[in-house]
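S.K.: Build me a structure from this.
(one chain, ligands or ions: 1)
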Amino acid sequence: MVDRVKIEQLVKEKLLARMGENSSTTKPLDFVNEEHVRSLDKSAKYISITSNAVITTLARDLAETHNIEFRVVSGNQSVSSVPQNPRSIAIGCDHGGFPLKKVLISELHKWGYDVCDMGTHSTDSVDYPDFAHAVAEMVSQKNCIFGIVIDGAGIGSAMTANKVPGVRAAHCHNLFEVKNSKEHNNANVLSLGARVIGEGLAIEMVKTWLDTPFAGGRHQRRVDKIMATERKYLRG
Ligand SMILES: O=C(CO)[C@H](O)[C@H](O)COP(=O)(O)O
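M.R.: This is a model prediction of the structure:
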């Protein structure tokens, strides 16, 4: 019979050998998951990765918790850390949301945000899941801090975004909901229905959403439960 403990120990040793503790001379990884981070020595300060490494959301979260950074290494030389611009917003829409997206992008620029426009770029008919998915991935991969998805009603885009691990998309219609979605639910994607709300309200909603911090406290426990629910089904 296979000795599970021995195998786990062997895997751990292999991972540690690949990553080292906090030396920049270790071979950079091109894929990092939660297990890689867990297997690090307690004194580890960073993980060396290749410039196009895939890092799972759980690995990023765990690394953040333990103050471990990801360093992009070219050959054996460390060249930079993976950035997360705290003012970068991914935005996407379908044909119904296109005019509102244009307005919101211009406001976001005025407010000093970097905008990643994931399309669509006209009112020609398209499928909202393609664009909601693209935005959600940008947030899930931590390329952007927040995402905004817009379609006719805001429903389908929210459904799509919420399928992407790490995303908490809130479909909102008013100022109370946007504020609540940040304060209580730590929403990282906002979904708007361009056929439901007017331009002026949408601008105010986005500004309020971006300016409202997560309240933490009892809400942290509940958000942790949302994420635990997601993890349960990811494993399955
Ligand atoms: O609201 C939406 C999804 O939530 C879409 O914008 C809507 O379904 C698109 O419909 P149509 O193709 O008739 O413009």
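
S.K.: Contact residues of this structure facing the ligand?
M.R.: Residues of the chain lying close to the ligand by C-beta under 6 Å from any ligand atom are Asp94, Gly96, Ser125, Tyr128, Asp151, Gly152, Ala153, Ile155, Gly156, Ser157. C-beta here means a position set from N, CA and C on the backbone, and glycine is covered the same way.

S.K.: Verify the contact between the second one and Arg195 for me.
M.R.: Yes - here Gly96 lies in contact with Arg195, judged by C-beta atoms under 8 Å, at a distance of 5.9 Å.

S.K.: The two: which has the busier surroundings?
M.R.: Gly96 (21 against 12; other C-beta atoms under 10 Å).

S.K.: What about the residues of the chain next to the ligand, which are in helices?
M.R.: Taking DSSP state H, the ones among the residues of the chain next to the ligand that sit in helices are Tyr128, Ile155, Gly156, Ser157.

S.K.: how far is the lengthiest helix in the chain from where the chain is centred?
M.R.: What stands out as the longest helix in the chain, according to DSSP H, is helix 218-235. Offset of helix 218-235 from its chain centre (C-alpha atoms, centre = their mean, to the nearest Å): 15 Å.

S.K.: got it, and stretch 226-236?
M.R.: 16 Å.

S.K.: ok, residues contacting it?
M.R.: Stretch 226-236 has contacts (C-beta atoms under 8 Å, 6 or more residues apart in numbering) with Leu58, Pro165, Gly166, Arg168, Asn185.

S.K.: for the chain, what spans make up the helices?
M.R.: 4-19, 34-38, 57-65, 98-110, 128-140, 155-161, 175-183, 199-211, 218-235.

S.K.: coming back round to it: for the ones in helices among the residues of the chain next to the ligand, which two are the farthest from each other?
M.R.: Within those, two members stand farthest from each other by C-beta to C-beta: Tyr128 and Ile155, at 9.2 Å.

S.K.: Counting neighbours around each, name which of these two comes out higher.
M.R.: Between Tyr128 and Ile155, counted using other C-beta under 10 Å, Tyr128 has the larger neighbour count: 27 against 14.

S.K.: Help me confirm that that one comes into contact with Met159.
M.R.: No - taking contacts as C-beta under 8 Å, Tyr128 lies outside contact range of Met159: 9.3 Å.

S.K.: returning to that earlier point: what angle sits between the longest helix of the chain and helix 175-183?
M.R.: Taking axes from the mean of the first three to the mean of the last three C-alpha atoms, to 10 degrees, one finds helix 218-235 and helix 175-183 inclined to each other by 70 degrees.

S.K.: where does this protein have low pLDDT?
M.R.: 1-26, 30-35, 50-59, 72, 74-84, 235-236 (pLDDT under 70).

S.K.: mind giving me the domain ranges of it?
M.R.: Domain assignment for the chain, taken from automatic domain parsing, gives 19-82, 88-221.
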